[in-house]
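Pasting a predicted model and its sequence here:
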Amino acid sequence: MDEINKKTFAQMSSRELFCVLTGDRGIMAQMFLQNLIREYMKEHEEEASLKTMVDTMLKEEGRLE
C-alpha cells in the first residue's frame, strides 16, 4: 500500500480530498467523505474549502485537536 492511501482525511490536502470525492481512493473512503461534507453543509452556512470542512467536522466530532 502506498503512503497516500495511509493518510487520514485530516492529513490530506484539499487536492487529495478532492481525489477521494471522485472515488480515487475507493468507494468506502468516498462515501465517508461525502457524508462528512453533507453534515458540514447541514450545520454551516458559510462556504469553505474541502480541507476546512473536513477539519471543522473532525474537530466538532472530537477526532481532531
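Nice, I can see it. Residues are numbered from 1 along each chain as shown.

Met53: how many residues sit nearby?
20 (other CB atoms under 10 Å). C-beta here means a position set from N, CA and C on the backbone, and glycine is covered the same way.

what's the closest non-adjacent residue to it?
Tyr40 (4.3 Å; CB to CB, 6 or more residues apart in numbering).

same thing with Lys51?
In this structure, Lys51 finds its nearest non-sequential neighbour in Ser14, 4.4 Å apart by CB to CB, 6+ apart.

What ranges in this structure fall below the confidence cut-off?
Scanning the chain with the threshold set as pLDDT under 70 gives 1-5, 64-65.

for this structure, what's the longest helix?
helix 27-43 (DSSP state H).

Can you name every helix or strand that that helix contacts?
Helix 27-43 sits against helix 14-21, helix 50-60, with contacts defined as 3 or more CB pairs under 8 Å, 6 or more residues apart in numbering; DSSP states H and E.

Give me the buried stretch members for the last one, please.
Using 16 or more other CB atoms under 10 Å as the test for burial, helix 50-60 gives 50-51, 53-58.

Next: the first one.
Within helix 14-21, the residues that count as buried by 16+ other CB under 10 Å are 16-17, 19-20.
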